[in-house]
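Chemist: what follows is a predicted protein model with its sequence.
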Amino acid sequence: MSKLKYQMIIQWSEEDNCFLVGFPDFPGQQWRTHGDSYELAVANGIEALESLIIAYETTGDSLPEPTVYKAA
């Protein structure tokens, strides 16, 4: 799974008092998981992304194309 290049957005939420993690390439996944620290948010994000990909594969849905930015 490490070959898949999906964006993971991590943003602090004052309202939730934690870091929120989202995957903009996946419809409906603006905020998928969270973490009390940035490091925990990253770890939870990786786990959530792996689970999301498995769910897509299990249901036979096509994975969305990852957004890839190229350096100028």
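Modeler: Right, received. Where do you want to start? Residues are numbered from 1 along each chain as shown.
Chemist: which strand or helix spans L49?
Modeler: Here L49, judged by DSSP states H and E, is contained in helix 38-59.
Chemist: that helix packs against which elements?
Modeler: When contacts are defined as 3 or more CB pairs under 8 Å, 6 or more residues apart in numbering; DSSP states H and E, helix 38-59 packs onto strand 9-13, strand 18-22, strand 33-35. Glycine gets a C-beta too; all of them are placed from N, C-alpha and C.
Chemist: check what pLDDT K3 gets.
Modeler: Predicted confidence (pLDDT) for K3: 63.
Chemist: centroid-nearest residue for the chain?
Modeler: Closest to where the C-alpha atoms of the chain average out (CA atoms, centre = their mean) is F23, at 3.6 Å.
Chemist: that one and A72: what is the separation?
Modeler: 25 Å (CB to CB, to the nearest Å).
Chemist: export the helices and strands packed on helix 38-59 to TSV and tack on mean neighbour count, distance to L52 and mean pLDDT?
Modeler: Below are the helices and strands packed on helix 38-59 laid out as TSV (neighbours: other CB atoms under 10 Å; distance: least, CB to CB, whole Å; pLDDT from 0 to 100):
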stretch	mean neighbour count	distance to L52	mean pLDDT
strand 9-13	13	14	96
strand 18-22	20	11	97
strand 33-35	20	10	96
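Chemist: which one of those lies closest to P66?
Modeler: strand 9-13 (13.2 Å; CB to CB).
Chemist: residues in contact with the closest one: which ones?
Modeler: 18-24, 34, 38, 41-42, 45 (CB atoms under 8 Å, 6 or more residues apart in numbering).
Chemist: picking up where we left off before, please convert the helices and strands packed on helix 38-59 to CSV, extending it with distance to T67.
Modeler: Below are the helices and strands packed on helix 38-59 laid out as CSV (distance: least, CB to CB, whole Å):
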stretch, distance to T67
strand 9-13, 11
strand 18-22, 13
strand 33-35, 19
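Chemist: looking at these, which is closest to D61?
Modeler: That would be strand 18-22 among the helices and strands packed on helix 38-59, by CB to CB, at 18.7 Å.
Chemist: what residues are bridge-paired with the residue nearest to C18 when sequence neighbours are not counted?
Modeler: Nearest non-adjacent residue to C18, counting by CB to CB, 6 or more residues apart in numbering: H34, 4.7 Å away. On the basis of DSSP bridges, H34 is bridged to L20.
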